[in-house]
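Asks: Below is the sequence, then the predicted model.
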Amino acid sequence: QQQVKQSPQSLIVQKGGISIINCAYENTAFDYFPWYQQFPGKGPALLIAIRPDVSEKKEGRFTISFNKSAKQFSLHIMDSQPGDSATYFCAASRDDKIIFGKGTRLHILP
Amino acid sequence: DAGVIQSPRHEVTEMGQEVTLRCKPISGHNSLFWYRQTMMRGLELLIYFNNNVPIDDSGMPEDRFSAKMPNASFSTLKIQPSEPRDSAVYFCASSFTGGVTEAFFGQGTRLTVV
C-alpha cells in the first residue's frame, strides 16, 4: 500500500519559472511532512518541513502549501535555478517512522 | 560529526553470495532506518530501529534480508543469498526522536548483483 503518492514523476522547468510538486497522503495520523532533496550520488537531505496545523511555510524560494482536509501538500520552488535540478521526495511521518513518496526528478533548463 | 557513515560505497557480487552492508549512525541519534532506492519503487523503508530495538521490519522483502543493531553506533543489513533483483542503492539514515523525526541519510551503498 502506497501511503504517500507523489506527482509528477519528472518535471522540466525553464530557469526563473515555478516548479510545483504535489503529494497526497492517506493516514491522518501523520503529523509531520518533510521534503527532501537528493543530488546524484548523494543521500536525500531535508529541505523544508511543515506541521499540519499550518497551511503554508516559506523558506527562501521554497514554499510548502498544506491542505489538511484534502490530505494534500505541495512544494513550490520560485525562480527555479539550474542548481535546483535534483530529485525531490515528499514524506510523511509519525513518531519514529518516515514514509517517502516515489520522488520527482526535476530538471531546470538554463 | 561526520554524519551517517555507510560502507562499502559500492558492492558488486555474484548471485548467491552473502552481502553485508554497514552503517554508523550519528552519535546521539536513537533511531536508525534502512531504505532501499530503485527507479521503479523509489525509497522503500525496509526496517527501523529505536534504541537498538527493531520496531518495524514489515518492509523487509523476504527472509533473505536481515538487519541487526548490536549497539547504538553500528548496524548491519545482510542479504543471503543475494539475487540480481536486489540490485539497488541502500541507504541508512538516523534521527533523534525527541520531537519531530528528521532523518539524516548516509551516502548510500550501490549494490550490484550479477
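Replies: Good, I have the coordinates. Numbers count the residues shown, from 1 in each chain, chains lettered A, B, ... in the order given.
Asks: Name the residues that touch stretch B:71-80?
Replies: B:18-25, B:27, B:30, B:32, B:34, B:46-47, B:49, B:51-52, B:64-69, B:86, B:90, B:92, B:111 (CB atoms under 8 Å, 6 or more residues apart in numbering or on different chains). For glycine as for every other residue, the C-beta is placed from the backbone atoms N, C-alpha and C.
Asks: Buried ones among the residues you listed?
Replies: Among the contacts of stretch B:71-80, those buried by neighbour count (16 or more other CB atoms under 10 Å in any protein chain shown) are B:19, B:21-25, B:30, B:32, B:34, B:46-47, B:49, B:52, B:65, B:67, B:69, B:86, B:90, B:92, B:111.
Asks: tell me which parts of chain A are close to chain B?
Replies: A:32, A:34, A:41-46, A:49, A:51, A:89, A:93, A:95-103 (CB under 8 Å from any CB of the partner chain).
Asks: Now do the contacts for B:Thr20.
Replies: Going by CB under 8 Å, 6+ apart, B:Thr20 touches B:76-78.
Asks: in the chain, which spans are strands?
Replies: Picked chain A for this. For chain A, the strands defined by DSSP state E cover A:4-7, A:10-14, A:19-25, A:33-38, A:45-50, A:56-59, A:62-67, A:72-77, A:86-94, A:97-100, A:104-109.
Asks: The chain in question should be chain B.
Replies: Per DSSP E, chain B carries strands over the ranges B:5-7, B:10-13, B:19-24, B:31-38, B:42-50, B:53-56, B:65-71, B:74-79, B:88-95, B:104-105, B:109-113.
Asks: and the shortest one, what does it pack onto?
Replies: Identification of packing neighbours for strand B:104-105 by 3 or more CB pairs under 8 Å, 6 or more residues apart in numbering or on different chains; DSSP states H and E yields strand A:45-50, strand B:88-95.
Asks: quick revisit: for A:Gln72, which of the strands of chain B is the nearest?
Replies: Closest to A:Gln72 of the strands of chain B, according to CB to CB: strand B:42-50, at 18.4 Å.
Asks: Name every strand pairing with that closest one and say which way it goes.
Replies: When pairs are called by DSSP bridges, strand B:42-50 turns out to pair with strand B:31-38 (antiparallel), strand B:53-56 (antiparallel).
Asks: which parts of the longest one are buried?
Replies: Judged by neighbour count using 16+ other CB under 10 Å, the buried positions of strand B:31-38 are B:31-37.
Asks: a markdown table please, covering those and showing pLDDT and distance to A:Lys57.
Replies: Output for these, formatted as a markdown table (pLDDT from 0 to 100; distance: CB to CB, whole Å):
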| residue | pLDDT | distance to A:Lys57 |
| --- | --- | --- |
| B:Ser31 | 91 | 24 |
| B:Leu32 | 93 | 27 |
| B:Phe33 | 93 | 24 |
| B:Trp34 | 96 | 29 |
| B:Tyr35 | 94 | 25 |
| B:Arg36 | 96 | 30 |
| B:Gln37 | 94 | 26 |
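Asks: Just give me the neighbour total for residue 40.
Replies: If you meant another chain, say so; for now it's chain A. As a burial measure, A:Pro40 scores 7 neighbours (other CB atoms under 10 Å in any protein chain shown).
Asks: actually chain B
Replies: With other CB under 10 Å as criterion, B:Met40 counts 6.
Asks: same deal with the one 5 residues further on?
Replies: By the criterion of other CB under 10 Å, B:Leu45 has 19 neighbours.
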